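**Student:** Output the structure for:
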Amino acid sequence: MKPRHAAPLNALRAFEAAARCLSFQAAAAQLFVTPAAVSHQVKHLEAYLGLKLFHRGHRSVELTAEGATLAASLGEVFGQLDLALDRAMAPTVADLRVSTVESFAAKWLAPRLHRFHRDHPELRLRIETGNERSDFVRDGTDVAIRYGPGGYSGVDAERFLEAPVFPVCAPTLRADAAHPLAKPDDLRHHTLLHDESALGRVGVPDWPAWLQASAAKRVDANRGPVFASIYLAQEAAVAGHGVALGVAPLVEDDLQRGRLIRPYALALPNAYAFWIVRRAGAERHPSVDAFCSWLRKEASEPMTATHARRE
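**Tutor:** Coordinates of the predicted model:
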């Protein structure tokens, strides 16, 4: 068996922090040492390896090609070490870090989570939201749920929820005697609510696409406010401020509760879907497997009025 390197671990930790921050000062703040100590440890590592790891400027540092290669490997190694220590320090309650988009967390995940906690009281979920790509090693993310077209590189991705799109509004809008929503052309009397998730994304239905498919003739497809997220547009619809294009999994609970209705049956297929994303080649972990299995089960069982209430 090949003996392990007698590597200078403190120097490796200092280098990894400096490479991640591209700053000796910022790395020093993270490690609770001085910038001079970080610089000394990096020089020690460079001497040990016989390689130059940084190009040093007057007020900046930049990784060399060799430094960038080493930094990528060390980031993964230290990320796995941090994850292993987290799990070792909390043997009775396992934290499971789940990253997803705000709309999915609020509209699909939150109404169902009580059932996961009921079935897995030993697991504690930490739900984090954001649209950026998950870093499974540095952020310690166990599972990511993403809304997109697929084709994700460097990860294991599983398509688990389709996302057809159709108009939704508050019940009071359809009951408006002056301007009922009987046919698609009636939308000209109402505010159209847009969200940025559909703008410029091939295959994601927007108002122009839906109105064309419905043969509406007299509706200005570009009229109305644009929201930064699907969640905000759908909340505006719940409040009665107009008609939004609902993404099926994200409006299911509101439809069951009667907060939203579908004034028209026409639904357009969506090139985007919801995906379960895990780190490529990661060793399977029972808690992660349990959560992914629960997601699949929930996806296969449409929410009923009973499901919509807390069991």
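
**Student:** Need the distance between the two termini of stretch 276-286.
**Tutor:** In stretch 276-286, first residue to last residue: 16 Å (Cα to Cα, to the nearest Å).

**Student:** wait, I meant stretch 245-262
**Tutor:** Using Cα to Cα, the end-to-end distance of stretch 245-262 comes to 10 Å.

**Student:** so how far is that stretch from its chain's centroid?
**Tutor:** Per Cα atoms, centre = their mean, to the nearest Å, the displacement of stretch 245-262 from the mean C-alpha position of its chain is 21 Å.

**Student:** Flag every buried residue along it.
**Tutor:** For stretch 245-262, burial by neighbour count (16 or more other Cβ atoms under 10 Å) applies to 245-256, 259-261. Backbone N, C-alpha and C define where each C-beta goes, glycine included.

**Student:** List just the nearest of those residues to residue 183.
**Tutor:** Residue 183 has its nearest neighbour among the buried residues of stretch 245-262 in residue 261, at 15.5 Å by Cβ to Cβ.

**Student:** can you pull up the bridge partners for the closest one?
**Tutor:** Beta bridges link residue 261 to residue 169 when assigned by DSSP bridges.

**Student:** my read: it touches residue 254, true?
**Tutor:** No - contact between residue 261 and residue 254 fails when scored by Cβ atoms under 8 Å: they sit 9.3 Å apart.

**Student:** Need the residues touching each of the two.
**Tutor:** Between them, residue 261 and residue 254 share these contacting residues under Cβ atoms under 8 Å, 6 or more residues apart in numbering: residue 168.

**Student:** Low-confidence bits of the protein, can you list those?
**Tutor:** Within the chain, the segments meeting pLDDT under 70 span 1-4, 83-84, 86-94, 131-139, 281-284, 302-311.

**Student:** quick one, strands of it?
**Tutor:** For the chain, applying DSSP state E gives strands covering 54-56, 61-63, 94-100, 123-129, 143-148, 155-161, 165-168, 192-195, 226-227, 243-247, 273-279.

**Student:** Reformat these as a markdown table; add distance to residue 24.
**Tutor:** Compiled in a markdown table, these are given as follows (distance: least, Cβ to Cβ, whole Å):
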| stretch | distance to residue 24 |
| --- | --- |
| strand 54-56 | 9 |
| strand 61-63 | 7 |
| strand 94-100 | 29 |
| strand 123-129 | 29 |
| strand 143-148 | 32 |
| strand 155-161 | 32 |
| strand 165-168 | 50 |
| strand 192-195 | 43 |
| strand 226-227 | 42 |
| strand 243-247 | 46 |
| strand 273-279 | 30 |
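
**Student:** Deepest-packed of these, please.
**Tutor:** Stretch with highest mean neighbour count among these: strand 243-247 (a mean of 28; mean count of other Cβ atoms under 10 Å).

**Student:** mind checking how far it is from the chain centre?
**Tutor:** Once both centres are worked out by Cα atoms, centre = their mean, strand 243-247 turns out to sit 20 Å from its chain's centre.

**Student:** Paired strands for it, with orientation please.
**Tutor:** Pairing partners of strand 243-247, with direction, according to DSSP bridges: strand 165-168 (antiparallel), strand 192-195 (parallel).

**Student:** nearest to residue 67, of those?
**Tutor:** That would be strand 192-195 among the strands paired with strand 243-247, by Cβ to Cβ, at 41.7 Å.

**Student:** Run the chain-centre distance for stretch 204-216.
**Tutor:** On the basis of Cα atoms, centre = their mean, stretch 204-216 sits 27 Å off its chain's mean C-alpha point.
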